[in-house]
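Trainee: Take this sequence and fold it.
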Amino acid sequence: MQDLYIYVDKNKLDDCLKYGIKLSEFENRVLKLSNVSKRGIQAFLSPKDSELYLDESYGCIRVISKNLIAIVFNKICENTSLIDDFMCNIEDYRIGNYELPEAIICSSILPENLQLYNKILDKPLLVQNSREFYYEKCINEIMETDMFSKYELYQTLLILGDQKKLFNVSKENNVKMYTDSISGKKYTKRSN
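Mentor: Numbering: from 1, shown residues only. Below you'll find the model as predicted:
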């Protein structure tokens, strides 16, 4: 992993890019582990992972994580006894390992490690949304292991679609027909 993303008040953005980010001045996050607390600067693995992405009063800075002390953790496990199993140094993190990954930078950041993130012109992102990527990765891993047959997955998706009112359902004899209310595509399911 090379880049992290942090959000800074637009009034302080130019100074940060020019002089760097001092940990003691910008510390805004405490991560409580079972035996110690880590203090640092909140960072994200993708700019869209933050609720500040659309906030015009904040600017996004891309941080090159090389030579930084940073920890990636699964935010879902924060404040639980599971946190120690769902945190690692940034060098050890593999994209898609955590459902809701977040990072904490535990060192000051030199200006040469900082670049203003441009939503339109910046380099392409490997992952647009960390949580969605995690779900996609897990679904693919489950399907590759053949824990569930394609038939079971098909049946489950039809049931879920019916519960969410995505299909118009009709029944004739022992066959249920699920019609996608948007595309009109029809799916069949033999019922008992």
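
Trainee: ok, now how distant is the spatially most central residue of the chain from residue 171?
Mentor: Centroid-nearest residue in the chain: residue 130, 2.1 Å away (criterion: CA atoms, centre = their mean). The gap separating residue 130 from residue 171 is 41 Å, by CB to CB, to the nearest Å. Quick note: C-beta positions are derived from backbone N, CA and C, even for glycine.

Trainee: show me the contacts for the residue nearest to the centre of the chain.
Mentor: Listed by CB atoms under 8 Å, 6 or more residues apart in numbering, the contact partners of residue 130 are 44, 45, 46, 49, 95, 96, 98, 100, 101.

Trainee: of the residues you listed, buried ones?
Mentor: 44, 45, 46, 49, 95, 96, 98, 101 (16 or more other CB atoms under 10 Å).

Trainee: Specify the beta-bridge partners of the first one.
Mentor: This means residue 44. Applying DSSP bridges to residue 44 yields these beta-bridge partners: residue 5.

Trainee: mind listing what's buried in the helix or strand harbouring residue 136?
Mentor: Here residue 136, judged by DSSP states H and E, is contained in helix 130-144. For helix 130-144, a neighbour-count test (16+ other CB under 10 Å) marks 130, 131, 133, 134 as buried.

Trainee: same check, this time on stretch 173-182
Mentor: Those would be 176, 178, for stretch 173-182 by 16+ other CB under 10 Å.

Trainee: got it, and stretch 101-118?
Mentor: By neighbour count on 16+ other CB under 10 Å, the buried set for stretch 101-118 is 101, 102, 103, 104, 105, 106, 108, 109, 113, 114, 117.

Trainee: Many thanks, have a good one.
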